[in-house]
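Visitor: sharing a model prediction with you, sequence too.
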Amino acid sequence: MMSNKIETQKPDMWTARLRQSWQKNLPIEKLLPDTQPAYVASWIYVFGVLTLSALAVIIASGVVLAFEGPSWYHISDAGRFVNSLHFWSVQLFFFFMVVHLWGKFWMAAWRGKRQATWITGSIAFVVSIATAFTGYLTQTNFDSQWIAFEAKDGFNSVGIGAWFTVTNLGQMLLMHVAFLPLVLGLITVIHVLQVRRKGVVPPIDAFDQTLKGVNK
Amino acid sequence: MVAPFLYIEASFKATSLNLVKSESALLIRGAKVTGFFSEFMNLNAVYLKANSWLSISVSNLVVIISMLVIFFIAISIPFPKDHHESSKNGRGQK
Ligand code: HEM
């Protein structure tokens, strides 16, 4: 028999637990702040957002390429323009990401329990390389053939050639347009949410106060 | 000529432009890209080699050096000041 009682709260339900930890760790004021500490006014802090912007252009142009297909992007002027936009935003993405990484490394930005930010950043870096690599493999020209056959030997020599068949264009294309962007997108979202959650790391000489919880 | 320590290797350089022309004609079918940049982008890479322990293409080296330059510019030049600085002390004005 069903009870007529209205259940008020079950703290052991996963929805309730998720809500509570979300409210505790990432309230809306932290998620969408309108001020930042004074030390953030430096060009080096801009490179995370530049990386993010380049990624947005990559995804937008990639979606157009996927909809129109190679018979458009290898042949028509407009198609080759979007193809180039996709390619060059990848170059900028890596450029910005490396400067971002150096900046965070030299300010030891993992301080104050920010290790998850650093780790998700590192994973984003590795996944980006895999995504760019599969992108080069899907050019369907002499370059991509050359890269695939060189990489095949590399992958075989480290014993993972049976998992990633780099000469299989279908597999590489699907990895490039579906699986890897999804993983990269997810990791990037987690990375940026971690930054919002912890707040921007203070300069090294201001760190003592942070440890005491001033800038948690 | 091979200098003992650092030398530049540009294989097939003489034939690269001919190769590029036939390749692009083959791949792009009529809608051929011409001009300095496309010819330049299609040249074979020039490699710097130091004995056997270092081999890097000039283009990669240029990218790495420009990343370093941008990095040092980013940490050294001042960030533009906020125009509303005076209202920052919390009177609620824009
Ligand atoms: C998909 C590539 C990446 C994107 C889109 C991205 C984006 C961002 C953004 C928007 C920020 C906040 C603004 C800033 O401080 O610059 C940030 C912070 C940070 N990033 Fe990245 N990032 C990426 C890759 C990396 C990599 C490769 C690393 C290092 C391994 C890294 C480490 C960090 C750290 C430690 C912070 C936090 C700094 C703090 O808490 O103040 N990120 N990232």
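Guide: Yep, that arrived. Please read these numbers as outputs of a predicted model, since none were measured by experiment. Numbering: from 1, shown residues only, chains lettered A, B, ... in the order given.
Visitor: and the pLDDT for residue 72?
Guide: Just going to use chain A. On pLDDT, residue A:72 comes in at 95.
Visitor: nope, chain B
Guide: 97.
Visitor: where's it, which helix or strand?
Guide: Under the assignment given by DSSP states H and E, the secondary-structure element containing residue B:72 is helix B:58-76.
Visitor: now check that helix, is it near the ligand?
Guide: No. Helix B:58-76 lies out of reach of the ligand by Cβ under 6 Å from any ligand atom, never closer than 10.6 Å. (Glycine included, C-beta is placed from N, CA and C.)
Visitor: now the strands: where do they sit in chain B?
Guide: Secondary structure of chain B, counting by DSSP state E: strands at B:6-9, B:47-50, B:54-57.
Visitor: report how many residues lie close to the spatially closest residue to residue A:51 that is not a sequence neighbour.
Guide: Counting by Cβ to Cβ, 6 or more residues apart in numbering or on different chains, residue A:96 is the residue found nearest to residue A:51 once chain neighbours are left out, at 4.3 Å. Residue A:96 is flanked by 22 other residues according to other Cβ atoms under 10 Å in any protein chain shown.
Visitor: do you know how far residue A:96 is from residue A:46?
Guide: Here the criterion is Cβ to Cβ, to the nearest Å. By it, residue A:96 lies 9 Å from residue A:46.
Visitor: also residue A:171?
Guide: Computed with Cβ to Cβ, the distance linking residue A:171 and residue A:46 is 37 Å.
Visitor: and for residue A:22?
Guide: 29 Å.
Visitor: returning to that earlier point: which strands or helices does the helix holding residue B:72 pack on?
Guide: For helix B:58-76, the contact count by 3 or more Cβ pairs under 8 Å, 6 or more residues apart in numbering or on different chains; DSSP states H and E identifies helix A:77-106, strand B:47-50 as packing neighbours.
Visitor: which one of those is the most hemmed in?
Guide: Per-stretch averages of neighbours, counted by mean count of other Cβ atoms under 10 Å in any protein chain shown, single out helix A:77-106 among these, with a mean of 18.
Visitor: next, the angle helix A:77-106 makes with the helix or strand that comes right after it.
Guide: Downstream of helix A:77-106, the first helix or strand assigned by DSSP H and E is helix A:115-137. If you take axes from the mean of the first three to the mean of the last three Cα atoms, to 10 degrees, helix A:115-137 sits at 150 degrees to helix A:77-106.
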